[in-house]
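Trainee: The following block contains a protein sequence and its predicted model.
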Amino acid sequence: MNNFITLILFFSIFFSVAQRPLTGEKIFKNKYPNEQFNLLAEASLLVSNSLEDDIIVTLRDGGGHYITHLYLRAFEKYLIQNLPIGHFIYQYHNLKLFYESPERIPIVVGSKAYLDFYFSAGSKRVIGFEISRDDFFR
């Protein structure tokens with residue numbers, strides 16, 4: 001009986017954890033071109049998710065070219081390292097809709113930038129504008 005309970009507990013924990021990707025995972029590697037990185041710039045971006053939902057964040061340069069993407073679980077942080085230099089646009093997918101922020105994130109040599117996704121009760125709308133699935137994966 002004790003082994004049976006242990007076995008059920010093990011499988012329930014295994015399946016609850018196995019259903020969600022880990023923070024930082026590149027779950028759409030096959031849909032995007034190769035990542036852009038620069039080992040010499042030593043630039044990084046700390047992305048924080050204070051929302052109750054998991055999100056997928058995509059970074060693009062000012063021309064809209066793909067830099068990198070990551071899966072970010074609710075209430076977790078992830079440090080993206082070895083970023084190229086420039087001003088980046090971020091897109092995000094909250095597993096329901098796709099958005100792009102008009103805000104640009106400047107990345108310079110040796111910088112440690114910060115991006116926080118959070119819910120503001122005073123905000124009447126989502127930051128940024130809605131985009132199509134095709135625009136998110138271009």
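Mentor: All right, it came through fine. Numbering: from 1, shown residues only.
Trainee: Wait, Y99 touches R133, no?
Mentor: No. Using C-beta atoms under 8 Å, Y99 is not in contact with R133; the gap is 11.7 Å. C-beta here means a position set from N, CA and C on the backbone, and glycine is covered the same way.
Trainee: Mind checking which of these two has more residues around it?
Mentor: Y99 (17 against 10; other C-beta atoms under 10 Å).
Trainee: any idea which element that one lies in?
Mentor: According to DSSP states H and E, Y99 maps onto strand 98-107.
Trainee: Just the buried positions in that strand, please.
Mentor: Within strand 98-107, the residues that count as buried by 16 or more other C-beta atoms under 10 Å are 98-101, 105, 107.
Trainee: which outside residues touch that strand?
Mentor: For strand 98-107, the surrounding residues in contact (C-beta atoms under 8 Å, 6 or more residues apart in numbering) are 41, 43, 45, 59, 62, 83-93, 113, 115, 126-133, 135-136.
Trainee: Now list the buried members of those.
Mentor: The buried subset of the contacts of strand 98-107 (16+ other C-beta under 10 Å) comprises 41, 43, 45, 59, 83-86, 88-93, 113, 115, 128, 131, 136.
Trainee: Among those, which are located in strands?
Mentor: When DSSP state E is applied, the buried ones among the contacts of strand 98-107 are split such that 43, 45, 59, 83, 86, 88-93, 113, 115, 131 fall in strands.
Trainee: State the helix or strand in which the residue nearest the centre of the chain lies.
Mentor: Closest to where the C-alpha atoms of the chain average out (C-alpha atoms, centre = their mean) is V57, at 3.0 Å. V57 belongs to strand 55-61 when assigned by DSSP H and E.
Trainee: tell me which of the ones in strands among the buried ones among the contacts of strand 98-107 is nearest to L72?
Mentor: Here the nearest of those to L72, counting by C-beta to C-beta, is Y92; it sits at 8.7 Å.
Trainee: how close does that closest one sit to L51?
Mentor: Relative to L51, Y92 is positioned 10 Å away (C-beta to C-beta, to the nearest Å).
Trainee: Now do the shared contacts for these two.
Mentor: Common neighbours of Y92 and L51, counting by C-beta under 8 Å, 6+ apart, are F117.
Trainee: Understood, closing this out.
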